[in-house]
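1. Predicted model, plus sequence, below.
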Amino acid sequence: MKQIDLYKLHKKLQRALDEDRYLHTLGVEYTAAALAMKYSCNLKKARLAGLLHDCAKGMEASEYIEFADKYNIPVNEAERSNPGLLHAKIGGFLAMKKYHVSDPDIIEAILCHTTGKPDMTMLEKIIYVADYIEPGRDKMDRLPEIREAAFTDIDNALKMILEDTIKHIRQKGFAMDPMTEKTYLFYKDK
């Protein structure tokens, strides 16, 4: 893995993201680092993926479809109706092209941090969970239980997050990305 200067990356992201998103990004980096230490996952990869997971959020969501079309990033039906979901795919692209990350483990963790995917690696689980439980989050009902589960049984935390996400999507009447449902079905009986 090419050496990336985390200090410089912090500065670039601070300029690219609004203050709230940047603070969220720092929270995800911090939480991903803690989870990586708990689960013996590569700390540098966890920090980088945590820092870059929302790197596309500096763009307007209204620009996502056009950007995806321009760079041949596939867009599914759920993403067309809710372009904000595309930030993970575009983030993976930007991590490679703008931030010069070549490690496929980091790119894949960024790509699946919103929907998850069946049979995730530990790094992918860490970024998915860290995004949900970072210290700046406070509006989810079961957050204390999920935070505790994240450090005792990450698969259970993942399942709880998926349950709450699906419930929220259905209550709001949003289009559900098929991968979210596939991920839930994979983890619900684990």
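-> That came in fine, so what should we check first?
2. all contacts plus neighbour counts: C-alpha atoms, from now on.
-> OK.
3. can you pull the buried residues of stretch 144-156?
-> Neighbour counts over stretch 144-156 (16 or more other CA atoms under 10 Å) mark 146, 147, 149, 150, 154, 155, 156 as buried.
4. try stretch 168-178
-> With the criterion 16+ other CA under 10 Å, stretch 168-178 contains buried residues 176, 177.
5. Which residues does that stretch contact?
-> 76, 77, 78, 79, 81, 82, 115, 166 (CA atoms under 8 Å, 6 or more residues apart in numbering).
6. Then stretch 183-190?
-> Residues contacting stretch 183-190 (CA under 8 Å, 6+ apart): 115, 116, 117, 118, 119, 155, 156, 158, 159, 162, 163.
7. what helix or strand is the last one on?
-> Taking DSSP states H and E as the definition, one finds residue 163 inside helix 154-172.
8. Could you point out the helix or strand that follows that helix?
-> For helix 154-172, the succeeding helix or strand toward the C-terminus, using DSSP H and E, is helix 178-187.
9. if we can go back for a sec, just the buried residues of stretch 144-156 now: which is nearest residue 134?
-> Using CA to CA, residue 147 is the member of the buried residues of stretch 144-156 that lies nearest residue 134, at 8.7 Å.
10. can you count the residues close to the nearest residue to residue 85 once chain neighbours are set aside?
-> Excluding the flanking residues, the one nearest residue 85 by CA to CA, 6 or more residues apart in numbering is residue 79, at 5.5 Å. For residue 79, the neighbour count with other CA atoms under 10 Å is 18.
11. List the contacts of the helix or strand of the chain with the lowest mean pLDDT.
-> For the chain, using mean pLDDT, DSSP states H and E, the weakest element among its helices and strands is helix 77-81, scoring a mean of 90. Contacts to helix 77-81, defined as CA under 8 Å, 6+ apart, come from residues 65, 85, 86, 175, 176, 177, 178.
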